[in-house]
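Peer 1: When you get a sec, could you give me coordinates for this:
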Amino acid sequence: MSQTILIEPNENLRKLFSINLNTYAATDVVPRENATDAIALLSILPSINLIVAKSQVGSEQTAIRIYNFLKEKNLQIPMIILGECRELAPDVLTLKEPISWDVLVKHAADILCVKEEEVKKKSQPMFVALESNFFYDIDHTPCDVYIQIKKADNSYQFVKRLRAQDSFTKEDIEKYEAQGLKYFHIPKDFEHYFVTFVTNNLIQKLEEDEVDFSIRLSLNANAYEVVRDQIAKVGLDESMHTLADTCIRSMVFTIKEAPTLANLLKQLFKNKISYAYQHAHLVCVIGHFILLRQQWYEPKHLDIFTLVSFFSDITLKNPEQIQVNTMTELKASKLSNEQRQVVLNHANDAAELIKDYPNYNKNIEDIIRHHHGSLDGFGFPEEPNETVHPLAKIFIIADAFVKIMLAPHTPKNKKEILAILYAQYPGQSFQDIIGVLEEKIA
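Peer 2: Residues are numbered from 1 along each chain as shown. Here you go, the predicted model:
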């Protein structure tokens, strides 16, 4: 069997890639932390067949260091780079993030000359990890569900915890979470069926008319997280179109029926809703306050604004990335260089993604691309461009207000938040929008 060095700092991705490379590309995976570790191994074991390496680990130019070592030692070992690496892109296969494991495996199998028939002969079971929130809104599953247990020798085994059709509640899932469990695992062959099963359950519940406000918030949040997860894995496919569209309609309903801002915040925190959805929902609520005072407002504008709020940060993977709102905050963050690059590009990435959405139009693309004030969707300008789309201007102010409101060490008094916004956005059109918000919440 061939051997592949894998450098992927994210533990969950490392496990996912390792299992799939071993199963579908018939290769033994040797994990390494960084270029130094990989080069040390290559110095004593130059017979490695493939190197799959993160473009950058921390401040280390991982892929470039390994590539230069291979050239220096005249080692003809193929590489696959995970993430952007412009210096090597013409010569080395580079996969743009987020990277789907099946795309990685297909390239690895091609490089290693592994034929599909050889893979089918392998009997090793194959599992895929799903975040625990996938199980919140179902009471049984269509397949057996496993947890991953670490053994004394540092290897892993999968232990069945839920049998197909076993009944359980959200509280049962939360008990596992309280013990530190983040992921359940299902057989790979059931992944598509399982995600469809969860999606259909969510859609059915979201489309019910008589749903308690608190429950609907929770359903919206879970649907949002499922869409985020699946977009990272497979992109915006048809089933995620449907779920996203249903969730957006449900969000519009809850925004129209929203209680006072203080009571809404209590609901959002009480239900253990993710920061990502708290942020998206609150931006919609604040944006709706402002939209209702615009002379040109029509009901369709709330639909558009909600869709923009849903997708604007969909490519960001953690709260620390979503919280960034200025270049100063980005530079001061503890994010890796790669994570910072994702933040810098996310408005443009989301605008490109929305082109696959059934209700796509150029206005929606522009609003998403402009939602941090730049016309090209890159970075955080000190002063937003006055020519960005009018709905994007409202989004910018709503977004900034919500981020200050949700941040743990910033003013919570509304007047103090408004003072920060007046100072941060001196352009006249932005000042006017802040003034409208001040009239509403003062």
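
Peer 1: Pull the contacting residues for the closest residue to residue 310 other than its chain neighbours.
Peer 2: With Cβ to Cβ, 6 or more residues apart in numbering as the criterion, residue 310 has its nearest non-adjacent residue at 5.4 Å, and that residue is residue 248. Using the backbone N, CA and C atoms, a C-beta is placed for each residue, glycine as well. Taking Cβ atoms under 8 Å, 6 or more residues apart in numbering as the contact definition, residue 248 lies against 303, 306-307, 310.

Peer 1: Narrow those to those that are buried.
Peer 2: Buried members of the contacts of residue 248, scored by 16 or more other Cβ atoms under 10 Å, are 306-307, 310.

Peer 1: ok so, going back, how much space is there between the residue nearest to residue 310 and residue 279?
Peer 2: Taking Cβ to Cβ, to the nearest Å as the measure, residue 248 falls 15 Å from residue 279.

Peer 1: try residue 269
Peer 2: Relative to residue 279, and taking Cβ to Cβ, residue 269 is found at 13 Å.

Peer 1: more crowded one of the two?
Peer 2: More crowded of residue 269 and residue 279, by other Cβ atoms under 10 Å: residue 279, with 23 against 11.

Peer 1: Now do the phi/psi pair for that one.
Peer 2: Residue 279 has phi and psi values of phi -60, psi -50 when expressed as degrees, to the nearest 10.

Peer 1: Grab the longest helix from this protein for me.
Peer 2: Taking DSSP state H as the assignment, the helix of the chain that covers the most residues is helix 213-234.

Peer 1: can you give me the angle whichever helix or strand comes after it makes with helix 213-234?
Peer 2: Remark: after helix 213-234, the chain's next helix or strand is helix 238-256, criterion DSSP states H and E. For helix 238-256 against helix 213-234, the angle by axes from the mean of the first three to the mean of the last three Cα atoms, to 10 degrees is 150 degrees.

Peer 1: From the chain's centroid, how far away is helix 238-256?
Peer 2: Mean C-alpha position of helix 238-256 versus that of the full chain (Cα atoms, centre = their mean, to the nearest Å) differs by 17 Å.

Peer 1: Show me what the helix or strand just after that helix packs onto, helices and strands only.
Peer 2: Next helix or strand after helix 238-256 toward the C-terminus (DSSP H and E): helix 261-270. The helices and strands touching helix 261-270, judged by 3 or more Cβ pairs under 8 Å, 6 or more residues apart in numbering; DSSP states H and E, are helix 213-234, helix 275-291.

Peer 1: So, low pLDDT: which residues of the protein?
Peer 2: 1, 116-125, 153-155, 442 (pLDDT under 70).

Peer 1: mind running it again at 50?
Peer 2: Within the chain, the ranges that satisfy pLDDT under 50 run 123-125.

Peer 1: Would you mind measuring from residue 251 to residue 294?
Peer 2: Applying Cβ to Cβ to residue 251 and residue 294 gives a distance of 20 Å.

Peer 1: what about the two, which has more around it?
Peer 2: Just comparing residue 251 and residue 294: by other Cβ under 10 Å the higher neighbour count belongs to residue 251, 28 against 14.

Peer 1: wait, doesn't the more buried one sit right on residue 308?
Peer 2: No. When contacts are counted by Cβ atoms under 8 Å, residue 251 is not listed as touching residue 308 (11.5 Å).

Peer 1: ok and the host helix or strand of residue 200 relative to helix 238-256, angle-wise?
Peer 2: Following DSSP H and E, one finds residue 200 within helix 191-206. Angle, helix 191-206 to helix 238-256, by the same axes, to 10 degrees: 20 degrees.

Peer 1: in helix 191-206, what's buried?
Peer 2: Buried-residue list, helix 191-206, by 16+ other Cβ under 10 Å: 191, 194-195, 197-199, 201-203, 205-206.

Peer 1: how near is residue 226 to residue 137?
Peer 2: For residue 226 relative to residue 137 (Cβ to Cβ), the value is 9 Å.

Peer 1: which residues are in contact with both of the two?
Peer 2: Shared contacts of residue 226 and residue 137 (Cβ under 8 Å, 6+ apart): 198, 202.
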